[in-house]
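A.B. asks: structure for the following, please:
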Amino acid sequence: MAARDILSDSPSPDTAAADDGESTAKRTGLFGRLKNGLAKTRTQLAQGVGNLLLGEREIDDTVLEDLETALLITDVGIDTTTSIMADLAQQVKRKELNNTRALHGALGRLLKARLEPLQKDLTLTDKKPHVIFFVGVNGVGKTTTIGKLAKQLQNQGKNVMLAAGDTFRAAAVEQLQVWGERNNVPVIAQAQGSDSASVAFDALQSAQARGADVLLVDTAGRLQDKAQLMDELKKVHRVVKRLDDSAPHDVVLVLDGGVGQNALSQVRLFNEAVDLTGLAITKLDGSAKAGVIFSIAALQDINLPVYFVGVGEGIDDLRQFVADDFVEALLDQDFKDSLERTDA
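C.D. replies: Presented below is the predicted three-dimensional model:
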C-alpha cells in the first residue's frame with residue numbers, strides 16, 4: 001500500500017520549481033528554532049564539550065573526565081556514555097585523535113550514529129482515515145502535539161478530524177476543541193466522564209462517513225503503572241477495530257523530554273500494553289535533559305523511531321526528528337567545522 005511522509009518537506013508537483021533560495025532560508029529558519037530549543041541542554045553540555053573548542057589542546061584525562069560528566073548530566077545515560085567514552089578513549093590511544101577539536105568531531109559522529117536508527121518518518125497509507133492514537137502520562141503535551149500536527153497536516157491539504165478521547169480531564173476536551181475551532185477542524189467529543197472507547201468509535205465512524213484523510217485521537221493521560229487504566233487503553237484499541245480491523249494505523253507515545261531516565265520505563269510499559277509504532281518527545285526547550293534521546297536509542301529490544309520532537313510553543317516547533325540536525329544543534333555550529341577538519 002502506498003505511503004506518504006506525514007510532514008514531508010518534498011515539494012509537490014506544482015511547487016517543484018520553487019526558488020532554491022527560499023527553500024534554503026526555510027531550512028535555516030527551522031534549524032534555528034531547533035537550535036534555540038536545545039539551548040538549555042547545549043549550555044549544560046558545553047561544560048564538558050564546548051571547552052573542547054578552546055584552541056586545539058592536547059587530550060588528557062581531565063578533558064575526557066569533563067566530557068563524561070557533561071554527557072551524564074544531560075541524561076545521555078550511563079550505558080551510552082560508557083560506550084561513547086570507551087570508543088573515544090580507543091581512538092585517542094590509537095592516536096587517531098590528536099587534539100580537542102578532533103575529539104569534538106569524533107564525538108559528533110558517534111552521537112549521530114546512535115541516533116540515526118531512530119530517524120523514520122511517520123507516513124500516511126492510502127487507507128482512509130489513517131488513524132493515529134496519541135498516548136502518554138498526564139502533562140506530557142499530547143493535546144498540544146495533536147493540535148500542532150493537525151494544523152501542519154491541514155496546511156498540506158489533508159482533511160483532518162480530531163477525537164477528544166481524554167474524557168477524564170475536562171480541560172483536555174476544551175483544549176482540543178479550541179484547536180479545532182481555531183483551525184476549522186472537526187472535533188468529536190462527549191461529556192466529561194464518558195467512555196473513551198465510545199468517543200473513539202464515534203469519531204472513526206464519523207471520519208469514515210466524511211471521507212477524512214486522518215483521524216488524530218487524544219487519550220486520557222495515564223500513570224503507566226496503573227493496570228486498570230492501561231486496560232482501558234487496550235479497550236479503545238479493540239473497539240475501533242470493529243470498524244476497521246487495521247486501525248489504529250499508528251500509536252504514538254508522547255514523552256516529556258524533561259523527565260529524564262523515567263522516559264525509558266514509560267516506553268517499555270506503554271509498548272507492552274498497546275504496541276507503539278513511534279515516539280514524540282516534547283518540551284525539549286524547557287529542559288537540559290535532551291540527552292535522554294540517546295538512552296531511548298539504546299533500547300534496541302524495542303527499536304521505536306522518534307517521529308517528532310517539540311522544541312517550542314509555535315506550530316513549526318513540532319519538528320520531524322532528523323539525527324544530523326539534532327546533533328548539529330546540540331553541539332552548536334562548530335560541529336560542522338570539526339567534522340570537516342577531522343575528515344580532511
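A.B. asks: only C-alpha atoms from now on, for both contacts and neighbour counts.
C.D. replies: Will do.
A.B. asks: what's the closest non-adjacent residue to Q205?
C.D. replies: Distance criterion CA to CA, 6 or more residues apart in numbering; nearest residue to Q205, sequence neighbours excluded, is L243 at 7.2 Å.
A.B. asks: for that neighbour, give me phi and psi.
C.D. replies: phi -100, psi -30 (degrees, to the nearest 10).
A.B. asks: quick one: contacts for it?
C.D. replies: 201, 204-205 (CA atoms under 8 Å, 6 or more residues apart in numbering).
A.B. asks: ok, 10 Å please
C.D. replies: Contacts for L243 (CA atoms under 10 Å, 6 or more residues apart in numbering) come out as 201-202, 204-205, 208.
A.B. asks: tell me how far it lies from L229.
C.D. replies: 23 Å (CA to CA, to the nearest Å).
A.B. asks: report pLDDT for A89.
C.D. replies: Per-residue pLDDT puts A89 at 95.
A.B. asks: would you confirm that it contacts L97?
C.D. replies: Yes. With contact defined as CA atoms under 10 Å, A89 counts as touching L97 (9.3 Å).
A.B. asks: mutual contacts of these two, please.
C.D. replies: Common neighbours of A89 and L97 (CA under 10 Å, 6+ apart) are 59, 103.
A.B. asks: out of these two, which sits in the more crowded spot?
C.D. replies: Taking other CA atoms under 10 Å, A89 and L97 do not tie; L97 has more neighbours (21 against 17).
A.B. asks: looks to me like the more buried one is in a helix.
C.D. replies: No. Per DSSP: H, G, I helix; E, B strand; the rest coil, L97 lies outside any helix segment and is coil.
A.B. asks: tell me who's in contact with it.
C.D. replies: 58-59, 88-91, 103-106, 342.
A.B. asks: and what of L279?
C.D. replies: Applying CA under 10 Å, 6+ apart to L279 gives the contacts 118, 122, 134-136, 251-255, 267, 296, 304-309, 321.
A.B. asks: if we go to 7 Å?
C.D. replies: Applying CA atoms under 7 Å, 6 or more residues apart in numbering, one finds that L279 lies in contact with 252-254, 305-308.
A.B. asks: domains for the chain, by residue range?
C.D. replies: 39-117+330-343, 122-322 (automatic domain parsing).
A.B. asks: any idea what A280 is bridged to?
C.D. replies: Beta-bridge partners recorded for A280 (DSSP bridges): V254, F308.
A.B. asks: thought it was touching V309?
C.D. replies: Yes. Assessed by CA atoms under 7 Å, A280 is found in contact with V309 at 5.6 Å.
A.B. asks: re the thing from before, Throw the domains of the chain into JSON lines and include distance to R33, thanks.
C.D. replies: Shown next, in JSON lines, are those (distance: least, CA to CA, whole Å):
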{"stretch": "domain 39-117+330-343", "distance to R33": "10"}
{"stretch": "domain 122-322", "distance to R33": "7"}
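A.B. asks: deepest of the ones you listed, which one?
C.D. replies: Comparing those by mean neighbour count (mean count of other CA atoms under 10 Å), domain 122-322 comes out on top with a mean of 20.
A.B. asks: mean confidence for that one?
C.D. replies: 90.
A.B. asks: measure that domain end to end?
C.D. replies: 12 Å.
A.B. asks: about what we covered before: and the contacts of L279, which two are furthest apart?
C.D. replies: Pairwise distances among those were taken by CA to CA; the largest, 12.1 Å, belongs to V254 and P305.
A.B. asks: which stretches of the stretch 151-300 of the chain form strands?
C.D. replies: In the stretch 151-300 of the chain, the segments counted as strands under DSSP state E, counting those that start in this stretch are 160-165, 187-188, 214-219, 250-256, 278-282.
A.B. asks: against L67, how distant is the residue nearest to V309 when sequence neighbours are not counted?
C.D. replies: Sequence neighbours aside, I281 is the residue nearest to V309 in space, at 4.8 Å (criterion: CA to CA, 6+ apart). Distance of I281 to L67, given as CA to CA: 25 Å.
A.B. asks: so how far is stretch 272-287 from its chain's centroid?
C.D. replies: Taking CA atoms, centre = their mean, to the nearest Å, one finds stretch 272-287 lying 6 Å from the centre of the chain it belongs to.
A.B. asks: how about it as PDB, C-alpha atoms only?
C.D. replies: Only the C-alpha atoms of stretch 272-287 are listed here, as PDB (Å, rounded to 0.1, in the frame of the first residue of the first chain):
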ATOM      1  CA  GLU A 272       3.800  -3.800  26.300                       C
ATOM      2  CA  ALA A 273       0.200  -2.500  26.600                       C
ATOM      3  CA  VAL A 274      -0.500  -1.200  23.100                       C
ATOM      4  CA  ASP A 275       2.300  -1.900  20.600                       C
ATOM      5  CA  LEU A 276       3.700   1.500  19.900                       C
ATOM      6  CA  THR A 277       4.700   2.500  16.400                       C
ATOM      7  CA  GLY A 278       6.800   5.600  17.400                       C
ATOM      8  CA  LEU A 279       7.500   8.400  19.800                       C
ATOM      9  CA  ALA A 280       7.100  12.200  20.100                       C
ATOM     10  CA  ILE A 281       9.400  13.900  22.500                       C
ATOM     11  CA  THR A 282       8.100  17.300  23.700                       C
ATOM     12  CA  LYS A 283       9.200  20.200  25.800                       C
ATOM     13  CA  LEU A 284      12.900  19.800  24.900                       C
ATOM     14  CA  ASP A 285      13.200  23.600  25.000                       C
ATOM     15  CA  GLY A 286      12.400  23.700  28.700                       C
ATOM     16  CA  SER A 287      14.900  21.100  29.800                       C
END
